[in-house]
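Enquirer: no FASTA, just this:
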């Protein structure tokens, strides 16, 4: 062990003293990837060190009560960092019980981290998600959930994991046996804090999924940049009936809007609560009336179990979703070519409302891999671009948020979109081809971010072959 660590120390000395200047751009990027893989594997070795400290009772020998305090004192670590290392070792390190060596509590995450495919940040978030799974859930289902989370983390970023975790938790507890509606109602509340000397007040809230589903489309419309800005006399307060000139004015107002997202949400709520506003005057958002759009499958409706998906990316328990539907004006989307006009060919460039609603129901958000933008923040994009002969037909349309849509271009750093072929695992879905500096092989990838249910179904097959790693941009041939 001493010889091995000596080699590592010597290699670090060489890396610190060598210049990166002579390297080509391609070699530098490759070195950066290799170094990231090594850092992730070194985190796995840290778990081994911490577990060995526990096994030898070194804290007790030093008169220290906790392992984290021992690490603080020995390595001069901060309190939070020391505790984080101990928690990570507890979840991802090998364990000993009565002389028997046991696998880590999160074996799949630990295995992927040892291969350098999962970062410490992703591993922490997976552990947090797994801690939220009720103890009553079957061991097999917990194992399946962790397997899927680890595989997803190997091909995405840590920021994508919480939403995937929320959806997996929803599927593990579809009928609310372990998280009951009475518990949500008990926790609900809005507290308006005491007004300060500056006149400002703090609001804290725990809102139910139903209230969240109603608020999201309001913010998506009225909190857009340029909307409801009291400091801009030309800022519109509704999108209802705006002509081309007014829409151009909104774009100009958005470009000069200095407000943060939180400030825009505040101003949107203020505008919505004004007597002259109200739901009937909120206008339209990206071609559709401002409304709560909820998607659920026929099987879920018949079983009255599971979770429905909103256009803003949220989830609503099926029972609440059905109650909302009873009080709403229904719109039935039939996904066949004989119903709503989903095929416009080359006669129109812009997608119609029926096509956008179909895309919201099927894609649920931006389709670029790793993007978490919900459908309310997206625009309709031609997979084969209009100026290159692409048709305004449903099979050639997809959803892309404004930021990701701007990444699609013919330059060296541009992304491409394609329809995944029939023999693909994701036939018919939109594949995004990343630029070479992200994936040298330029392999089309799909966004699993909004399709946790499909992830869980697909992982059932992969679970039968535990040795097969997922496709990832970090893997080596």
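Expert: Structure received. Bear in mind that the values here come from a model prediction, so they are computed numbers and not experimental data. Numbering: from 1, shown residues only.
Enquirer: you'd agree residue 190 is in a helix?
Expert: No - read with DSSP: H, G, I helix; E, B strand; the rest coil, residue 190 is strand and lies in no helix.
Enquirer: What is the neighbour count of it?
Expert: Using other C-beta atoms under 10 Å, residue 190 is surrounded by 10 other residues. All C-beta spots, glycine's among them, are computed from the backbone N, C-alpha and C.
Enquirer: From residue 397, how far off is the residue nearest to it when sequence neighbours are not counted?
Expert: The shortest distance from residue 190 to any non-neighbouring residue, by C-beta to C-beta, 6 or more residues apart in numbering, is to residue 205 (4.4 Å). According to C-beta to C-beta, to the nearest Å, residue 205 stands 37 Å off from residue 397.
Enquirer: got it, and residue 365?
Expert: Residue 365 is 14 Å from residue 397, by C-beta to C-beta.
Enquirer: Those two: which has the busier surroundings?
Expert: A side-by-side neighbour count of residue 365 and residue 397, using other C-beta under 10 Å, places residue 365 first with 27 against 22.
Enquirer: picking that back up, am I right that the residue nearest to residue 190 is in contact with residue 187?
Expert: No - judged on C-beta atoms under 8 Å, residue 205 makes no contact with residue 187 at a distance of 10.5 Å.
Enquirer: just to revisit the earlier point, okay, and the residue nearest to residue 190 sits in which element?
Expert: strand 203-206 (DSSP states H and E).
Enquirer: Which elements pack onto that strand?
Expert: strand 189-192 (3 or more C-beta pairs under 8 Å, 6 or more residues apart in numbering; DSSP states H and E).
Enquirer: Relative to the strand it packs on, what are the paired strands and their orientations?
Expert: Partner strands and pairing direction for strand 189-192 (DSSP bridges) are strand 203-206 (antiparallel).
Enquirer: Mind listing what's buried along the strand it pairs with?
Expert: Judged by neighbour count (16 or more other C-beta atoms under 10 Å), strand 203-206 contains no buried residues.
Enquirer: Please tell me how far that strand is from the chain's geometric centre.
Expert: Its chain's C-alpha centre and that of strand 203-206 lie 23 Å apart, by C-alpha atoms, centre = their mean, to the nearest Å.
Enquirer: What's the first helix or strand after that strand?
Expert: helix 209-222.
Enquirer: average pLDDT across that following helix?
Expert: For helix 209-222, mean pLDDT is 80.
Enquirer: Same question for stretch 397-405.
Expert: Stretch 397-405 comes out with an average pLDDT of 88.
Enquirer: ok, residues contacting that stretch?
Expert: By C-beta atoms under 8 Å, 6 or more residues apart in numbering, the residues outside stretch 397-405 that reach it are 351, 355, 359-360, 363, 365-368, 371, 373, 375, 377-383, 408, 415, 417, 430.
Enquirer: now it, how far from the chain's geometric center?
Expert: Counting by C-alpha atoms, centre = their mean, stretch 397-405 comes out at 15 Å from the chain centroid.
Enquirer: Quick check: end-to-end length of stretch 203-211?
Expert: Counting by C-alpha to C-alpha, to the nearest Å, you get 16 Å between the two ends of stretch 203-211.
Enquirer: Relative to residue 228, how far out is residue 269?
Expert: Counting by C-beta to C-beta, the separation of residue 269 from residue 228 is 9 Å.
Enquirer: Check what pLDDT residue 336 gets.
Expert: On the pLDDT scale, residue 336 gets 37.
Enquirer: Begin at 20 from now on, thanks
Expert: Got it, the first residue is 20 from now on, which makes the last one we talked about residue 355.
Enquirer: buried stuff in the longest helix anywhere in the chain?
Expert: In the chain, taking DSSP state H as the definition, the longest helix is helix 44-74. Going by neighbour count (16+ other C-beta under 10 Å), the buried part of helix 44-74 is 56, 59, 62-63, 66, 69-70, 72-73.
Enquirer: In TSV, list the residues you listed along with distance to residue 111 and pLDDT.
Expert: Below are the buried residues of helix 44-74 laid out as TSV (distance: C-beta to C-beta, whole Å; pLDDT from 0 to 100):
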residue	distance to residue 111	pLDDT
56	17	92
59	11	91
62	8	91
63	7	90
66	5	92
69	10	93
70	10	91
72	15	91
73	14	89
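Enquirer: check contacts around the most centrally placed residue in the chain.
Expert: Geometric centre of the chain, nearest residue: residue 179, 3.2 Å, by C-alpha atoms, centre = their mean. Contacts here follow C-beta under 8 Å, 6+ apart; on that basis residue 179 touches 171, 389, 391, 468.
Enquirer: Low-confidence ranges, the stretch 270-419 of the chain, go.
Expert: For the stretch 270-419 of the chain, the stretches flagged by pLDDT under 70 are 294-371, 373.
Enquirer: Tell me the predicted confidence for the nearest residue to residue 84 once chain neighbours are set aside.
Expert: Of all residues not flanking residue 84 in the chain, residue 78 sits nearest, at 7.0 Å (C-beta to C-beta, 6+ apart). As predicted, residue 78 sits at a pLDDT of 90.
Enquirer: picking that back up, who are the contact partners of the residue nearest to residue 209?
Expert: Counting by C-beta under 8 Å, 6+ apart, residue 224 makes contact with 208-210.
Enquirer: Could you dump these into TSV with pLDDT and distance to residue 216 added?
Expert: Below are the contacts of residue 224 laid out as TSV (pLDDT from 0 to 100; distance: C-beta to C-beta, whole Å):
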residue	pLDDT	distance to residue 216
208	88	26
209	87	23
210	87	19
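Enquirer: hang on, residue 461 packs against residue 450?
Expert: No - the pair residue 461 and residue 450 fails to qualify as a contact (C-beta under 8 Å) at a distance of 10.7 Å.
Enquirer: re the thing from before, so the residue nearest to residue 84 sits against residue 86, correct?
Expert: Yes - judged on C-beta under 8 Å, residue 78 makes contact with residue 86 at a distance of 5.3 Å.
Enquirer: coming back round to it: for residue 45, state which of the contacts of residue 179 is nearest.
Expert: Top of the list for closeness to residue 45, among these and by C-beta to C-beta, is residue 389 at 22.7 Å.
Enquirer: How about the contacts made by the closest one?
Expert: Residue 389 neighbours (C-beta under 8 Å, 6+ apart): 175-176, 179, 466, 468.
Enquirer: which SS class is residue 443?
Expert: Residue 443, by the three-state scheme (three-state DSSP), is coil.
Enquirer: pLDDT (mean, whole number) over the strand holding residue 224?
Expert: 87.
Enquirer: same check, this time on stretch 147-164
Expert: pLDDT averaged over stretch 147-164 gives 83.
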